[in-house]
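Student: Give me coordinates for this.
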Amino acid sequence: MDIPTFLLAVSMLCLPAQASSQDPAPPAPPPPTSAAPAPQAPEGAASQDAAAEEEAFFKRCDQNGNGWIALREAQDTLGLDAATYRAYDSDADGRISREEFGARYRLAVSRVGAFKPPTQPPPPKRAPTRNAEQLRNAYDKNSDGGLSPQEMRLLLEDYERAELPAELAVEKLDRDGSSRIDGPEIDFLARLLSSTITPAAADPNQPRTKTTLEELFGAPRDRSAGFQTAPMPPQIDGPVTHFRRLDLDGSGGISTLDLRRLQAPLELTVRAPAVLAALDADGDGELSPEEFRAALGAH
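Tutor: Sure thing, here's the model as predicted:
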C-alpha cells in the first residue's frame, strides 16, 4: 500500500460516528399553542336575557298589575323618594309607565352594568269587607255619624286607595252638601269598596280589580229616558278627569260620536266634526289626551 492510500484509509477510520449515521433527525417539538378563548354567549342571547330581566323587574314593581308603577309601589320596591320618582316619570303624569321604567333600566345598565333588583315586600294585609254600619263604626272617630275628609283619608289608606284624594272623594260622594259622607252615602261607599277589594278568584272570567279613579267612578250614567224627563246625554258623576268625561266610550280618544252624544239634544251652531278637525293634530279622527291638553294650553 502506498503512502497516499494509507493516509486516506486512516482518515476514514478517524471520522466521528455521528457523521456517518443514517438515522433521521428527531422531529422538532411543536410550538406551544395558546389557550383557546372561552366561548362567549352571542349578543342576541344577552339582549334577550336583559329584556326578560327588565320585564320581570317591572312586574315586581307593579304590585297591583295595573300596568304602571305608583309612588307607593316605587317606594316599597325601589326605595325611591318623591324627587327620584319624578325623574323616572319623564312625562310628569304621576305614574311610571312600562316605557319610562325601561328607559331607566337601560340607562343604569349602560352606566354601571346592572340595575338594582327591586325588593319583594310581603303581601299587604287587605282590609276586610265591611257594610255601611261597620265602616261608620271603624272610621267615624268623632262619632258625628259621618266620614270627614280626614277620616276618609284613613279609610282609603287601609283599602289601598291612597292615591285617591280624600277631599275629592268626599266632594263627589256627598250628595246632601253636608261636607261629609253620611247616611245612604256610606252605604254607597260600602258597595263601591266591596266591589273593588274582593280578591279575584281563580276563575279567569272573574272581573279585574278596579284600581284607578276612572275605573271606580268613570261609568257613564244613562239619562236618555225616564218618567217626565227630557232626553239628556250620558253623564259621569265620579271624580274623573275632563278628558274622561268627554271620552264617553272609554276608548282612549274623543271621537265625533262622543261629542255628538254629549251635544244631544241641544242645537248648537258649532259642529262637532269641525271642532274635532281643528284640534286633531295627527289627523287620526280622534282627540288624544296629548292633543286635548295642547288644546287647553297645558304644558
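
Student: Next, work out how far apart the residue nearest the centre of the chain and Tyr139 are.
Tutor: For the chain, the residue lying nearest the average C-alpha position, counting by Cα atoms, centre = their mean, turns out to be Trp68 (2.4 Å). The span separating Trp68 from Tyr139 equals 28 Å under the rule Cβ to Cβ, to the nearest Å. For glycine as for every other residue, the C-beta is placed from the backbone atoms N, C-alpha and C.

Student: mind showing which ranges of the stretch 51-200 of the chain have poor pLDDT?
Tutor: Confidence mapping of the stretch 51-200 of the chain against pLDDT under 70 gives the ranges 121-126, 195-200.

Student: those helices in it, which residues are they?
Tutor: Assigned by DSSP state H, counting those that start in this stretch, the helices in the stretch 51-200 of the chain fall at 71-78, 82-88, 98-112, 132-139, 149-158, 166-173, 184-197.

Student: how about those helices in TSV, adding mean neighbour count and distance to Asn64?
Tutor: As requested, the helices of the stretch 51-200 of the chain are arranged in TSV below (neighbours: other Cβ atoms under 10 Å; distance: least, Cβ to Cβ, whole Å):
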stretch	mean neighbour count	distance to Asn64
helix 71-78	20	7
helix 82-88	13	17
helix 98-112	14	14
helix 132-139	16	22
helix 149-158	18	14
helix 166-173	18	18
helix 184-197	16	11
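
Student: Tell me which of those helices sits nearest to Asp49.
Tutor: When these are ranked by proximity to Asp49, the top entry is helix 98-112, at 11.2 Å, counting by Cβ to Cβ.

Student: Out of the helices of the stretch 51-200 of the chain, which gets nearest to Glu290?
Tutor: Where those are weighed against each other on Cβ to Cβ, the nearest is helix 98-112, at 14.4 Å.

Student: Okay, angle between that closest one and helix 71-78 too, please.
Tutor: Between helix 98-112 and helix 71-78, the angle comes out at 30 degrees (axes from the mean of the first three to the mean of the last three Cα atoms, to 10 degrees).
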